[in-house]
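**Q** this one's sequence-less:
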């Protein structure tokens, strides 16, 4: 009940803030339409009594009143729809905006490291899409409660025991729900066999499968298997439908008995002179409405409760995405250039909810103007180290220093503005090619010179030239009729976006050649070396790349081998080969594959 009341309060506040006029108009019209339903029997009662008493004028008045109220019942809901549907759309837009602000406005991505967040966000999208229906269902539920209350008052005024009639109407609704669960259980029990039947039908329609089936002479075998499975499914579902029919019948019988009892009660009162024929008409009509009211109410409760769970999820997820407030000390600006470099001092890191640290007591210096290659097996902590260097996470132990200043004291936006990254799971923006590259540096997104320079530097000129409208071509087909790119082409666009920041103090490339062929990899290595040399000469920038291809690590001034979250070896390619340690072992294994 608390969850349900929380949803109604949330929607009331959101709707009032969004458009109070539409809320008041739509809610008032809907309420009037709902209340008209039990008023119609009241009018019919007056019509009946007036007609029997020979009051023709009064009877006509009651008849006209009944017609007017009936028209209200039939029509007001349609007029209300115009208001509450638009209101639902506006509330949906508002929730979408809140979600987007939370997702894109959080200072750190800690929440995104929760594996369940992707599932939560997917469910939230579905919850928000249903918000228009939820606004309608919630308004309808409130109006239906008022309708049931008026119906109960009218019945109790005639005979208090008639209040049991709405309770009796609950029985067929509940048994109907249980009957549906029985059918659903039957579907679940027969799901494996149903899936096997679909598979066999697919084989029958598959030209590729038919070649093997005919050569093997397996047609008869498969048909026999289909017959057996079909019998199994039919038996399970037939039993489920029989149970459904029995449950529905039992529930309807209970309400039918209660309905008949209420009619007999009123007829008896009429015989005794304690009730009129109009009262009989009133009870007959109201009793017929009660069943529909209760059924509708429980259906609405089910929808609104599901929506309440969605709103609770919305509040929980958006609250988690808000992230902790930034430290007041993190107000220093990023340096204009690096002179000493970036130092990791006893750095450890453990993801939220995990007991095992990914990095353990890492001591490492990345000198200004140098290029660093991070190598190691999966799970060694390479990508996590990249996140710490970029300030996307704060170490759970130790500190990252920029020329001796703790990175935690540097404003996040200031530092992010001086970094350039191509992550392994880089974004594929469904924008124009110009925008997809230019978003790497928003203050120069409209600079044709800057975008062309980044495209050339990334070796993506051929990719852009092949597009139907060059840089003005829409990329991707997920949200429009754009041009889909191969994995390697997307990666070149991503690299060009990274190279929009030639003055970065830190450039990180995480598996930059994973989707490239040898020729494209060679072009990327050339682009990397040019960008690295430019950054080193101008701002003392540090470049870091993560790779599993040890053939490319020779580009780096220093190679860092991570293992189990610790720095195991550091040095140049030749130094590490001469050391004869783990790096030399891994290099020999990869070289052997090529030999």
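**A** Cool, the structure landed. The model shown is predicted, which means the values in this text are computed figures rather than measured ones.
**Q** please enumerate the strands of this structure.
**A** 341-349, 359-367, 371-375, 397-402, 405-406, 419-422, 506-510, 542-546, 558-563, 566-571 (DSSP state E).
**Q** can I get these in a markdown table with mean pLDDT, mean neighbour count and distance to residue 170?
**A** The C-beta positions use only the backbone N, C-alpha and C, and glycine is treated the same way. Putting those into a markdown table (pLDDT from 0 to 100; neighbours: other CB atoms under 10 Å; distance: least, CB to CB, whole Å) gives the following:
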| stretch | mean pLDDT | mean neighbour count | distance to residue 170 |
| --- | --- | --- | --- |
| strand 341-349 | 94 | 19 | 56 |
| strand 359-367 | 94 | 19 | 59 |
| strand 371-375 | 92 | 25 | 65 |
| strand 397-402 | 94 | 20 | 59 |
| strand 405-406 | 92 | 16 | 65 |
| strand 419-422 | 91 | 23 | 60 |
| strand 506-510 | 90 | 24 | 59 |
| strand 542-546 | 91 | 26 | 62 |
| strand 558-563 | 93 | 22 | 64 |
| strand 566-571 | 93 | 17 | 65 |
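**Q** quick one: which of those strands is nearest residue 124?
**A** strand 419-422 (27.0 Å; CB to CB).
**Q** and for the closest one, what's in contact with it?
**A** Outside strand 419-422, the residues that touch it by CB atoms under 8 Å, 6 or more residues apart in numbering are 386, 390-391, 440, 491, 494-495, 497-501, 504-510, 512.
**Q** just the buried residues from those, in ChimeraX please.
**A** Applying 16 or more other CB atoms under 10 Å to those, the buried members can be selected in ChimeraX as follows:
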select :386,390,391,440,491,494,495,497,498,499,500,501,504,505,506,507,508,509,510,512
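**Q** I figured residue 359 hits residue 383, correct?
**A** No. The criterion here is CB atoms under 8 Å, and residue 359 misses it with residue 383 at 10.8 Å.
**Q** number of residues surrounding residue 124?
**A** Counted by other CB atoms under 10 Å, the residues lying close to residue 124 total 22.
**Q** what of residue 378?
**A** 7.
**Q** for the spatially most central residue of the chain, give its distance to residue 313.
**A** Most central in the chain under CA atoms, centre = their mean is residue 122, positioned 1.9 Å from the mean C-alpha point. According to CB to CB, to the nearest Å, residue 122 and residue 313 sit 11 Å apart.
**Q** how about residue 147?
**A** 30 Å.
**Q** which parts of the protein belong to which domain?
**A** 1-159+304-323, 163-274, 339-418+505-595, 420-502 (automatic domain parsing).
**Q** okay if I get these as a markdown table plus distance to residue 280?
**A** Converted to a markdown table, those look like this (distance: least, CB to CB, whole Å):
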| stretch | distance to residue 280 |
| --- | --- |
| domain 1-159+304-323 | 8 |
| domain 163-274 | 5 |
| domain 339-418+505-595 | 66 |
| domain 420-502 | 62 |
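**Q** wait, residue 155 sits on residue 164?
**A** No. Look at residue 155 against residue 164 with CB under 8 Å: they stay out of range, at 9.4 Å.
**Q** the two - which one has more neighbours?
**A** residue 155 (23 against 13).
**Q** look up the pLDDT of the more buried one for me, please.
**A** In this model, residue 155 is scored at 84, pLDDT.
**Q** ok, the residue lying closest to it once chain neighbours are set aside to residue 571 distance?
**A** Once flanking residues are discounted, residue 155 sits nearest to residue 162: 4.0 Å by CB to CB, 6 or more residues apart in numbering. Computed as CB to CB, the residue 162 to residue 571 distance reads 91 Å.
**Q** name the nearest residue to residue 470, sequence neighbours excluded.
**A** residue 464 (5.9 Å).
**Q** hmm, residue 581 is touching residue 563, no?
**A** No. Counting by CB under 8 Å, residue 581 stays clear of residue 563, with 10.3 Å between them.
**Q** contact partners for the closest residue to residue 308 other than its chain neighbours?
**A** Counting by CB to CB, 6+ apart, residue 308 lies nearest to residue 7, which is 3.8 Å off, once chain neighbours are set aside. Neighbour list for residue 7: 134, 138, 304, 307, 308, 311 [criterion: CB under 8 Å, 6+ apart].
**Q** all helices for the stretch 101-250 of the chain, in order.
**A** Ranges of helices in the stretch 101-250 of the chain, per DSSP state H, counting those that start in this stretch, are 116-129, 131-158, 164-189, 191-204, 207-216, 219-271.
**Q** hmm, back to that, what is the burial count for the residue nearest to residue 470?
**A** Counted with other CB under 10 Å, residue 464 comes out at 22.
**Q** now it: how far from residue 8?
**A** With CB to CB as the criterion, residue 464 and residue 8 are 53 Å apart.
**Q** ranking helices and strands of this protein by mean pLDDT, which lands last?
**A** Using mean pLDDT, DSSP states H and E, the weakest-scoring helix or strand in the chain turns out to be helix 116-129, at a mean of 71.
**Q** which strands and helices sit next to it?
**A** Under the contact definition 3 or more CB pairs under 8 Å, 6 or more residues apart in numbering; DSSP states H and E, helix 116-129 sits against helix 56-105, helix 277-322.
**Q** most tightly surrounded among the ones you listed?
**A** helix 277-322 (a mean of 18; mean count of other CB atoms under 10 Å).
**Q** average pLDDT for that helix?
**A** Rounded mean pLDDT across helix 277-322 is 80.
**Q** tell me what angle that helix forms with helix 164-189.
**A** 50 degrees (axes from the mean of the first three to the mean of the last three CA atoms, to 10 degrees).
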